[in-house]
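**Q** Sequence and predicted structure below; questions after.
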Amino acid sequence: MSDQSPPAGWYPDPQVPGLLRWWDGRWTEHVQQAATPNPVPDTRSFPPPTIRTPPPPSSWAAPPAPTIPVTAPQPATKHHGLFGAKKSLEEEVEQLRAVVAEMGIPEREQLRTELLQLRTDIPALRAEEAALLASVTPLRAELANLKNAEARLAEIQTTVVELEKKQKALEQYKEVAERAAADIQRLQNEHAELSRLVVETRETAILQEVGIYEYRHPLDNAPAYKARLTGIQAKIKDAVKAGSAVKGSTNWTVNGSSRDGSRMVSEFSKLMLRAYNNEAESIVRMMKPYTLESSIARLEKARETISKLGKTMSIRVTDGYHALRLQELELTSDYLAKVAEEKERDREERERLREEEIARREIEREMERLRKEQAHYANTLAALRASGDENAAAEIEAKAAEIEDALDGLTKRAANVRAGHVYVVSNVGAFGEDMVKIGMTRRLDPMDRIHELGGASVPFQYDLHALIFSDDAVGLETQLHHELRDRRVNWVNLRREFFRAHPDEVQELLDRLGVLVMSYVEEPEALEWRQTQTARKEGAPPPEPHHRERLALPEEE
């Protein structure tokens, strides 16, 4: 085996054993495998080779000579000769191989080869890495979207479960509601049937729907209605006597006897007619004008019931007799309404006459007082003129002239029944701040009438806002009532002169109509009411009742 030396220009790589690197004044990148002698198997373990980065080219020096331990050849003995030298060289080669194996040159060459391969693969790997990164970015975004979608899906699933529970509950409620609706419809049908059979006679329920009464048979006065009622009642008695009030079957037999059958039908017919008449008379006794409709319905129901009970014998109340009874109810209702109307009119007339009588007496008393003063001044004037005191006589004569004017005014006022005072009053404690009363009085002192209004019929006294004297007080009162007709409290009895209006609105109305008002009080005094409110707020105990003699006051409105 001969020693193989590296070619010219190639030197062992100082960094990677087992490789030859080209040297042309500097280390180049050209490398090749060094010739490797057959190694001697060695079972020793060596540490892994350390790969060092070569120094920069500027620091490179001439390639060092490879350090290979060489054993000096032993001088050949005469005994061995040529064969001894060969054996010696073979031993040297074996030693060199052992040294190379000990230095780890094969492993270094393998690592160097792998390093070069890795360096060659780095660009491709980096390109592959970039491609993978480019493909991973949308995948990551898609993964995030999928995670969000998964979270939303979980929420939707939770919502769906809740909705399914609610749906089941609603279905149960629906079933209950349907059953309830069916029960309501059934009860409504039963109620309608019972309402058809039952007549409403409770006055409270009837009064809730009462309207202004309309006369079925307009007549002049209550006596005219009384006369008409007397005639209808006479016709009712004649129909009963004539047997035309109730009819029954004529072919009814009892035990084969037509005579007994007719007698039985007649007896039952009288019994049914008596029940009908009793019901009609009971309705007439309890009749009130606003119960006419319910009374007619009640009588209709009585007739229907009798027809049902007498169906077997065809017993029924005739149409003519029933019409007479209905006419009796209508006339009775009209009569009662007319009586109430006349009573109210009579009461108002009495109130008017009473007011006029009071005013007449006041005027007479005032005229009598003025006449006495006039006589006194006449006597004094005659005495002064007799004494020659003309200055004093002139003064007395002027006063006598004033009295004469006053007497003339009272005379004219007594003759003019339309003259008087129009007043505007309110009662905050009784009716609130937005209600006034506008009335008229002919009294010489109108405050007497206002004090009467605040009698025992109201809890507090009235407060005066305006007092207007007019020669046509009746016309002024009517005009004010007409302007406030939509504010009237009572639309039926026009003598109730209350209006839902604030006192300020009445003042504006008077100004618009050009009515001369000497003074107008905007804010009511309401002294007793305000004192009561203050006592309640302060928690004062209520007053103890005390006995006192009641004064006889004139009749109050």
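**A** It's in. Numbers count the residues shown, from 1 in each chain.

**Q** can you pull the buried residues of the helix or strand harbouring R274?
**A** R274 is part of helix 258-285 when elements are defined by DSSP states H and E. Residues of helix 258-285 classed as buried: 261-262, 264-265, 268-270, 272-273, 276-277, 279-280, 283-284 (neighbour count, 16 or more other C-beta atoms under 10 Å). Heads up, the C-betas are built off the backbone N, CA and C, glycines and all.

**Q** A466 - how many residues pack around it?
**A** For A466, the count of nearby residues is 21 (other C-beta atoms under 10 Å).

**Q** Now do the same contact list for the nearest residue to it once chain neighbours are set aside.
**A** Closest residue in space to A466, ignoring its immediate chain neighbours: V424 at 4.3 Å, by C-beta to C-beta, 6 or more residues apart in numbering. Applying C-beta atoms under 8 Å, 6 or more residues apart in numbering to V424 gives the contacts V436, K437, I438, L464, H465, A466, L467, P503, V506.

**Q** Against V176, how distant is the fifth one?
**A** Counting by C-beta to C-beta, to the nearest Å, the separation of H465 from V176 is 63 Å.

**Q** of these two, who's got more company?
**A** The neighbour count for H465 versus V176, taken as other C-beta under 10 Å, is higher for H465 (24 against 10).

**Q** Nearest spatial neighbour of the more buried one, chain-adjacent residues omitted?
**A** V424 (4.5 Å).

**Q** who are the neighbours in contact with R303?
**A** Contacts of R303 (C-beta under 8 Å, 6+ apart): Y276, R316, V317, H322.

**Q** Put together JSON lines for those, with secondary structure and pLDDT on each row.
**A** Formatted as JSON lines, the contacts of R303 follow (DSSP: H, G, I helix; E, B strand; the rest coil; pLDDT from 0 to 100):
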{"residue": "Y276", "secondary structure": "helix", "pLDDT": "90"}
{"residue": "R316", "secondary structure": "strand", "pLDDT": "88"}
{"residue": "V317", "secondary structure": "strand", "pLDDT": "90"}
{"residue": "H322", "secondary structure": "helix", "pLDDT": "92"}
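
**Q** from those residues, which is closest to R347?
**A** H322 (37.9 Å; C-beta to C-beta).

**Q** Please give the element, helix or strand, for the closest residue to that closest one other than its chain neighbours.
**A** Counting by C-beta to C-beta, 6+ apart, H322 lies nearest to R303, which is 5.8 Å off, once chain neighbours are set aside. For R303, the element it lies in under DSSP H and E is helix 292-309.

**Q** Would you mark the buried spots in that helix?
**A** L292, S294, S295, I296, R298, L299, A302, R303, I306.

**Q** now swap in stretch 332-347 and tell me
**A** Neighbour-count burial for stretch 332-347 flags T332, S333, D334, Y335, L336, A337, K338 (criterion: 16+ other C-beta under 10 Å).

**Q** In three-state terms, label the residue nearest to A466 for me.
**A** strand (DSSP: H, G, I helix; E, B strand; the rest coil).

**Q** where's it relative to N490, distance?
**A** 18 Å.

**Q** before we move on, what about E508?
**A** 23 Å.

**Q** E364 too?
**A** 35 Å.

**Q** what does G514 give?
**A** 28 Å.

**Q** between these two, who's got more neighbours?
**A** The neighbour comparison of G514 against N490 (other C-beta under 10 Å) goes to N490, with 11 against 6.

**Q** Okay, strands next: where are they in the stretch 301-450 of the chain?
**A** Taking DSSP state E, counting those that start in this stretch as the test, the strands found in the stretch 301-450 of the chain are 316-317, 420-426, 436-441.

**Q** which of those sits most buried?
**A** Greatest average neighbour count among the strands of the stretch 301-450 of the chain goes to strand 420-426 (a mean of 24), per mean count of other C-beta atoms under 10 Å.

**Q** now that one: how far from the chain's centre is it?
**A** Mean-position distance between strand 420-426 and its chain equals 43 Å (C-alpha atoms, centre = their mean, to the nearest Å).

**Q** List the buried residues for stretch 320-327?
**A** Neighbour counts over stretch 320-327 (16+ other C-beta under 10 Å) mark Y321, H322, L324, R325, L326, Q327 as buried.

**Q** which among the contacts of V424 gets closest to A149?
**A** The closest of these, once distances to A149 are taken by C-beta to C-beta, is P503, at 75.2 Å.

**Q** do you know how far the closest one is from S269?
**A** Separation of P503 from S269 (C-beta to C-beta): 70 Å.

**Q** gap between A386 and N379?
**A** Distance, A386 to N379, by C-beta to C-beta: 11 Å.

**Q** Spell out for me which residue occupies the centre of the chain.
**A** Nearest residue to the geometric centre of the chain (C-alpha atoms, centre = their mean): A177, 24.5 Å.

**Q** and that residue, backbone torsions?
**A** phi -60, psi -40 (degrees, to the nearest 10).

**Q** for N427, same thing?
**A** Here is the backbone geometry of N427 (degrees, to the nearest 10): phi -140, psi 90.

**Q** Could you pull up the residues touching it?
**A** Taking C-beta under 8 Å, 6+ apart as the test, what N427 contacts is M435, K437, G454, V458, F460, Q461, Y462, D463, A526.

**Q** I'd assumed R500 was in contact with the second one.
**A** No - contact criterion C-beta atoms under 8 Å: K437 and R500 do not qualify, at 11.3 Å.

**Q** Shouldn't Q157 be within a strand?
**A** No - secondary structure assignment (three-state DSSP) places Q157 in helix, not in a strand.

**Q** So what's the residue count around it?
**A** The number of residues packed near Q157 is 10, by other C-beta under 10 Å.

**Q** Could you report the pLDDT at it?
**A** The model reports Q157 with a pLDDT of 89.

**Q** Go ahead and build a PyMOL selection from the buried members of the contacts of N427.
**A** Typed into PyMOL, the next command selects the buried ones out of these (criterion: 16+ other C-beta under 10 Å):
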select buried, resi 435+437+454+460+461+462+463+526
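
**Q** what ranges do the helices span in this protein?
**A** Along the chain, counting by DSSP state H, helices occupy 82-103, 105-197, 203-207, 222-242, 258-285, 292-309, 319-387, 390-415, 428-431, 446-453, 473-483, 503-513, 527-537.

**Q** Quick one: closest of those to G248.
**A** Closest to G248 of the helices of the chain is helix 258-285 (C-beta to C-beta; 4.2 Å).

**Q** now for the closest one, which elements pack on it?
**A** strand 246-247, helix 292-309, strand 316-317, helix 319-387 (3 or more C-beta pairs under 8 Å, 6 or more residues apart in numbering; DSSP states H and E).

**Q** mind putting the ones you listed in JSON lines, distance to E128 included?
**A** Formatted as JSON lines, the helices and strands packed on helix 258-285 follow (distance: least, C-beta to C-beta, whole Å):
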{"stretch": "strand 246-247", "distance to E128": "120"}
{"stretch": "helix 292-309", "distance to E128": "103"}
{"stretch": "strand 316-317", "distance to E128": "114"}
{"stretch": "helix 319-387", "distance to E128": "112"}
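
**Q** nearest to E171, of those?
**A** That would be helix 292-309 among the helices and strands packed on helix 258-285, by C-beta to C-beta, at 45.9 Å.

**Q** what angle do that closest one and helix 319-387 make?
**A** On the basis of axes from the mean of the first three to the mean of the last three C-alpha atoms, to 10 degrees, helix 292-309 is oriented at 160 degrees to helix 319-387.
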